[in-house]
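[1] Curious how this folds, go ahead:
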Amino acid sequence: MSARRETSRWRTGLWRNRDFMKLWGSLTITHFGGQITSLALPLTAALVLDASPFEMGILIALQALPFPLFGLFAGVIVDRFRKLPIIIWADLGRGLALLAVPACAWMGWLTMPVLYAAGFLVGTGAVLGWPAYQVFMTERVGRGNLVEANAKMAVSDSAAQLMGPGIAGALVHWLTAPFAILADAIAFFCSALVLRGIGPAPSDAPKHSGEHVWMDIREGLRAIWHNRTLRALAWALAVWQIFRHMYFAIVILFATRELGFSPGHVGALFMMAGVGSLAAAWAVKPLNRRFGVGPTMLAGMLGTGIAWTAIGLSGGLAASVVFGLGLFLLDLSAMVFFINYLTLRQALSHDRLLGRVTATMICLTVATAPLGAFAGGWIAEQAGLRATILLAGLGAILLAPVVVWASPLARMRRLPEHGES
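    The predicted model follows:
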């Protein structure tokens with residue numbers, strides 16, 4: 001009886017929502033799998049195929065390229081069709097794309113173009129799957145539960161970042177990097193299986209059935225343009241993504257070639273990012289109450305620049321300590337920002353436009369990512385890996401005061417209601 005009482009005490013809020021539990025379980029599975037690929041794919045390029053910095057930039061750019069190519073159309077699809085089948089098919093497609101990497105490695109056919117194709121197809125699945133997932137979650141949990149839902153999703157993401165890199169490092173050491181990617185492919189298949197267990201609901205009905213695709217796209221763009229907060233977030237994040245992907249394109253090369261870390265060492269250090277994410281999931285509400293939503297988001301953006309600078313400065317006997325602390329601060333800052341950003345974006349989007357606004361914001365904010373990745377690879381070949389990471393950090397640090405001056409975020413103390421901007 002006492003055990004049952006303990007269980008019921010734990011199962012409060014959204015933990016009692018069976019649909020949310022399946023959504024949360026699905027996302028947790030894919031988060032763990034994604035942590036493996038986020039290390040194993042660039043490690044395959046760096047260690048197995050001896051990729052150059054520019055080739056690494058191409059690899060990261062192609063993973064982000066589907067967002068500017070297809071992102072606006074994804075919003076129309078999400079608003080016109082039921083979301084759950086879109087999410088399931090996106091999971092299955094990404095699983096099949098990742099299967100190609102260990103299959104080609106097994107047959108001796110693995111080349112950089114194979115990794116390019118796999119990265120592009122995984123990115124394409126994310127373009128459709130991620131906005132559909134966010135809209136579907138909003139419909140199933142209700143707007144009043146968004147902060148709780150996003151915080152719980154952040155906890156699962158943090159747990160994956162905490163344990164996933166260590167698992168990834170062990171799998172890469174045991175199986176080699178290409179075959180470790182098989183675990184992520186299986187994770188996507190398991191996620192699709194979990195999602196198939198969610199039953200239909202009245203909220204699943206498409207919110208829009210317009211006949212003119214370009215008019216639908218224009219309506220989503222107009223909704224963002226006429227909202228001061230969404231407009232500010234769109235351009236600020238677009239600039240920030242340039243610096244993020246400059247860093248992301250070459251950080252694995254920096255860790256393995258310049259600092260001399262082994263795959264297992266890299267995996268262990270990246271677990272510090274998970275500690276930072278977990279801390280952010282617990283800290284975001286108190287920070288919002290103490291400083292306000294907008295200032296907390298701005299502090300998170302500034303913190304990412306400081307973290308990249310610290311990572312770029314790591315070296316010598318303290319390289320592991322400084323690198324690990326930089327990863328901790330990076331994910332702490334980024335997660336504090338993005339928990340609030342996701343909730344804010346969903347709160348400012350009307351139901352009829354939710355799919356288009358979600359996908360359009362993703363498209364606008366990630367459209368610059370391929371440019372950042374290409375630039376990161378090219379700059380690294382010209383000026384070095386360390387200089388590229390330091391440049392990304394300086395750029396993000398300088399961006400924060402510009403956003404303070406040019407956006408309403410610094411004055412935003414609470415989440416706005418519908419109709420506010």
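
[2] CA only for contacts and neighbour counts going forward, please
    Will do.

[3] what helix or strand does the residue nearest to residue 225 when sequence neighbours are not counted sit in?
    Closest residue to residue 225 apart from its sequence neighbours, by C-alpha to C-alpha, 6 or more residues apart in numbering: residue 231 at 5.4 Å. Per DSSP states H and E, residue 231 falls inside helix 228-253.

[4] and the next element down the chain from that helix?
    With DSSP H and E, the next secondary element past helix 228-253 is helix 263-291.

[5] Which other helices and strands does the helix or strand that that following helix is followed by contact?
    Downstream of helix 263-291, the first helix or strand assigned by DSSP H and E is helix 293-313. If you count contacts as 3 or more C-alpha pairs under 8 Å, 6 or more residues apart in numbering; DSSP states H and E, helix 293-313 packs onto helix 263-291, helix 319-347, helix 385-406.

[6] Quick one: closest of those helices to residue 414.
    Among the helices and strands packed on helix 293-313, the nearest to residue 414 by C-alpha to C-alpha is helix 263-291 (7.7 Å).

[7] what helices or strands is the closest one leaning on?
    So helix 263-291, by 3+ C-alpha pairs under 8 Å, 6+ apart, packs with helix 146-175, helix 293-313, helix 319-347.

[8] need these in CSV with distance to residue 17, mean pLDDT and mean neighbour count, can you?
    As requested, the helices and strands packed on helix 263-291 are exported to CSV (distance: least, C-alpha to C-alpha, whole Å; pLDDT from 0 to 100; neighbours: other C-alpha atoms under 10 Å):
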stretch, distance to residue 17, mean pLDDT, mean neighbour count
helix 146-175, 11, 79, 22
helix 293-313, 27, 95, 25
helix 319-347, 19, 91, 23
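
[9] any chance of those helices in JSON lines, with distance to residue 56 too?
    What follows is those, written out as JSON lines (distance: least, C-alpha to C-alpha, whole Å):
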{"stretch": "helix 146-175", "distance to residue 56": "18"}
{"stretch": "helix 293-313", "distance to residue 56": "18"}
{"stretch": "helix 319-347", "distance to residue 56": "20"}
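
[10] Please identify which of those is closest to residue 87.
    Proximity to residue 87 (C-alpha to C-alpha) singles out helix 146-175 among these, at 16.3 Å.

[11] moving C-terminal of the closest one, what's the next helix or strand?
    Using DSSP H and E, the helix or strand that follows helix 146-175 in sequence is helix 177-195.

[12] That following helix vs helix 146-175, what angle?
    140 degrees (axes from the mean of the first three to the mean of the last three C-alpha atoms, to 10 degrees).
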